[in-house]
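Asks: have a look at this fold, sequence not included:
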Ligand SMILES: *Cc1c(COP(=O)(O)O)cnc(C)c1O
C-alpha cells in the first residue's frame, strides 16, 4: 500500500508507448541484429524498461536525490570520515577541457600540464608528510595501506629477512588489520591504556625478529594523539621493524606535525577526506602513499618524474611492487586535491587543522555534561562519547543516532571504535560555523533530555523520515538490487528458500 510518503517506483509509473526522447525517422536501412551478433548473445525478449515522459523521469530522479543527505544539504559529523565541505572551485577546474578531455594513452608530450599536476602533488604531499617520495596511484585509504604493506614486505625480503607480523593497536582503524591480511601478513593486536595510548609493556612483549611493521592510526580512532610516539618508534626500529602511519585523518595535523619527522617510514593519506575529494557515495577516492628513502625502490610504478623542463612517466623501477591501479590513479580526485592545496597554501592548511581541532574540542566540552566522556583529554579532529548513561535508561546509541535524523542531521559514526561501549564518534570538521555546531549541540542535549523524560520518542525514532527503522541486517545481507514484478520476485525468493515477502516492492 502506498502512503503519501512513499514514491512509486519508476517501473510502476510506466505507461506503454510513453517515451522521454524524440528521434528523427531513420533514413538508413534497418539491420537485423542476428545478422550482426551471434544468436546466443541476443535477448529472447525485449528488455523490460520503464516507459515514462522526460518530465516524469526528471521529477522521479530529482525527488530521489532530494531524499539523500549530503554535505551540501546538511551537517554530517560522521567520525573518521571527514565530511567537510568540498569547495566548488575544485569542480570548476576538473571541468577545464584541457584536463577533462585528455586520455591516458595520449603521448606524454601532449599531457605535460596533467603530468605537472601529478608531479607537483607528489612533491606537496611529500612536504606535508615529511616523506622522501609519494605514489599517487592507490584509489582509497585501504588500498594505500595494502600497497604500502606490500612495499614493506618487499623491503624485508630484499634484505633476506622473513618478517610476517604486523602489530596493530586496538585503537586502529578497522582497515589496518584487514589490509595486513590481504597483504599476506599476520596481525598482532595490542591493547591501549586508560589514557587511550599504546600499551608500551605489551608492545615490548610482542615485538621481535618477526615484526614486519607497526601500524599506528594517529590520531587514533578515539580522536587522540598518541603520546609515546618516540618510544614506540625506538622499540619497533630497534627490533628491525618499520613504522606505518595511518594518515587518513591528517585533517588534525596538517602543517603542525609530520609523520616523517616522528620517525615513520611510510604513510598513507586520504585525499577524499582531508583534501576535499567528494565522497560518501562510494565514488572514486585517492589514498596516496609516502615513504622514506629506504622504501623508494619499492614504490608502485610508474612514478611521475621531471627531467629539465619535461615531465614523464618512469617505469624503470626494477624492485617496484608493480602497478596497483590503472594508469596513474584517480586523476580527477588528485586534481581536486591539488587545487585545494594551492587554494589554501601552507598557512591555510595549518588553519584548517587548527580549526578542525578547535571545533571538535568545543563540541566535546559542551556535550560532556550530558553524555559520558570515556577519555577526558584534549582531542584532535574528533572525539568519542559513550551512551552508557542513556543505556541504563533503556535507550541505545543506535536510538540516539536515529533520533538525530528527526533533527535533520546525519548521525555520527556509532559502535566504533569497539573498545568504547555504546560509542559515538563525532567529527565536526573545520568548515562548519559556530552556529551550526551550536545547533547540533542543542539537538544532542534535547535528545539527552528526551531520554530522561520520554524515552519512547527516542526508542521509536525516526519519526519524520520517509521510512522509519529498516531491517538493516537483511538489507545488507540480502539486498534487492534488481527490479522484478512482485509476483516474479516472490517466486524467485521461494525458489531461493527465503521467505516470500508480500508487497516488499510496493
Ligand atoms: C577512512 C579511513 C581509512 C580507510 O580509507 P578508505 O578510503 O575508506 O579505504 C583508514 N584509516 C583511517 C584512520 C580512516 O579514517
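Replies: Yes, it's here. As the structure is a prediction and not an experimental result, all values here were calculated from the model. Residues are numbered from 1 along each chain as shown.
Asks: list the contacts of the residue of the chain found nearest the ligand.
Replies: Across the chain, no residue is closer to the ligand than residue 141, which sits at 2.3 Å (C-beta to the nearest ligand atom). C-beta coordinates here come from the backbone N, C-alpha and C atoms, glycine included. Neighbour list for residue 141: 173, 175, 246, 248, 268, 269, 270, 273, 285, 287 [criterion: C-beta atoms under 8 Å, 6 or more residues apart in numbering].
Asks: between those residues, which is nearest residue 82?
Replies: Nearest to residue 82 among the contacts of residue 141: residue 273, at 3.6 Å, using C-beta to C-beta.
Asks: the closest one and residue 210, how far apart?
Replies: 33 Å (C-beta to C-beta, to the nearest Å).
Asks: these two: which has the busier surroundings?
Replies: In this view residue 273 and residue 210 are compared by other C-beta atoms under 10 Å, and residue 273 has more residues nearby, 26 against 16.
Asks: surely the more buried one is in a helix?
Replies: No - read with DSSP: H, G, I helix; E, B strand; the rest coil, residue 273 is coil and lies in no helix.
Asks: could you shift the numbering so residue one becomes 48, and keep it that way?
Replies: Done: numbering now begins at 48, and the last item shifts to residue 320.
Asks: compute the distance between it and residue 131, please.
Replies: Residue 320 is 8 Å from residue 131, by C-beta to C-beta.
Asks: common neighbours of those two, please.
Replies: Counting by C-beta under 8 Å, 6+ apart, the common neighbours of residue 320 and residue 131 are residue 298.
Asks: now do the buried residues in the host helix or strand of residue 195.
Replies: Residue 195 is part of helix 188-205, with elements assigned from DSSP states H and E. Buried residues in helix 188-205, defined by neighbour count with 16 or more other C-beta atoms under 10 Å: 188-203.
Asks: other SSEs contacting the helix or strand that that helix is followed by?
Replies: Once helix 188-205 ends, the next helix or strand along the chain (criterion: DSSP H and E) is strand 212-216. Applying 3 or more C-beta pairs under 8 Å, 6 or more residues apart in numbering; DSSP states H and E, one finds that strand 212-216 makes contact with helix 222-229, strand 233-237, helix 247-253, strand 258-264.
Asks: and if we set it to 6 Å?
Replies: helix 222-229, strand 233-237, strand 258-264 (3 or more C-beta pairs under 6 Å, 6 or more residues apart in numbering; DSSP states H and E).
Asks: neighbouring strands - and their directions - for that strand?
Replies: Sheet pairing for strand 212-216, assigned by DSSP bridges, gives strand 233-237 (parallel), strand 258-264 (parallel).
Asks: contact partners of it?
Replies: Outside strand 212-216, the residues that touch it by C-beta atoms under 6 Å, 6 or more residues apart in numbering are 223-224, 227, 232-237, 239, 245, 257-262.
Asks: compute the number of surrounding residues for residue 365.
Replies: 6.
Asks: so is the residue lying closest to it once chain neighbours are set aside in a helix, a strand, or just coil?
Replies: Once flanking residues are discounted, residue 365 sits nearest to residue 344: 7.6 Å by C-beta to C-beta, 6 or more residues apart in numbering. The assignment at residue 344 comes out as helix when based on three-state DSSP.
Asks: now residue 344: how far from residue 90?
Replies: 52 Å.
Asks: okay, those two: which has more neighbours?
Replies: residue 344 (16 against 7).
Asks: how close does the residue nearest the centre of the chain get to residue 174?
Replies: The chain has residue 128 as the residue nearest its centroid, 5.7 Å off, counting by C-alpha atoms, centre = their mean. Using C-beta to C-beta, we find residue 128 at a distance of 25 Å from residue 174.
Asks: same question, residue 302
Replies: In terms of C-beta to C-beta, residue 302 sits 10 Å off from residue 174.
Asks: between these two, which is the more surrounded one?
Replies: The neighbour count for residue 302 versus residue 174, taken as other C-beta under 10 Å, is higher for residue 302 (18 against 15).
Asks: is it true that residue 266 touches residue 426?
Replies: No - using C-beta atoms under 6 Å, residue 266 is not in contact with residue 426; the gap is 7.7 Å.
Asks: gap between stretch 135-152 and the chain center?
Replies: 23 Å (C-alpha atoms, centre = their mean, to the nearest Å).
Asks: got the residues of the stretch 148-297 of the chain near the ligand?
Replies: Within reach of the ligand by C-beta under 6 Å from any ligand atom, the stretch 148-297 of the chain has these residues: 187, 188, 189, 220, 222, 264, 293, 295, 296.
Asks: next, the contact list for the fourth one, please.
Replies: When the contact criterion is C-beta under 6 Å, 6+ apart, the partners of residue 220 are 264, 268, 293.
Asks: repeat the analysis, applying 10 Å as the threshold.
Replies: Residues near residue 220 by C-beta atoms under 10 Å, 6 or more residues apart in numbering: 127, 188-189, 192, 226, 262, 264, 267-268, 293, 295-296, 463-464.
Asks: return the member of these nearest to residue 207.
Replies: Using C-beta to C-beta, the contacts of residue 220 come closest to residue 207 at residue 262, 23.4 Å.
Asks: tell me what that closest one is bridged to.
Replies: Bridge pairing for residue 262 - DSSP bridges - gives residue 291.
Asks: quick check, pLDDT for it.
Replies: We have a pLDDT of 98 for residue 262.
Asks: contacts made by stretch 394-405 with the rest, please.
Replies: Against stretch 394-405 from outside (C-beta under 10 Å, 6+ apart): 129, 131, 171, 175, 266, 270, 272, 296-304, 321-323, 387-392, 425-429, 474-479.
Asks: out of those residues, which are buried?
Replies: Among these, those classed as buried by 16+ other C-beta under 10 Å are 129, 131, 171, 175, 266, 270, 272, 296-302, 304, 321-323, 387-388, 391, 426-429, 474-479.
Asks: in strands, which of those residues fall?
Replies: Among the buried ones among the contacts of stretch 394-405, no member falls in strands (DSSP state E).
Asks: so which of those are in helices?
Replies: Within the buried ones among the contacts of stretch 394-405, residues falling in helices by DSSP state H are 171, 175, 387, 388, 391.
Asks: please consider this matter closed, and thank you.
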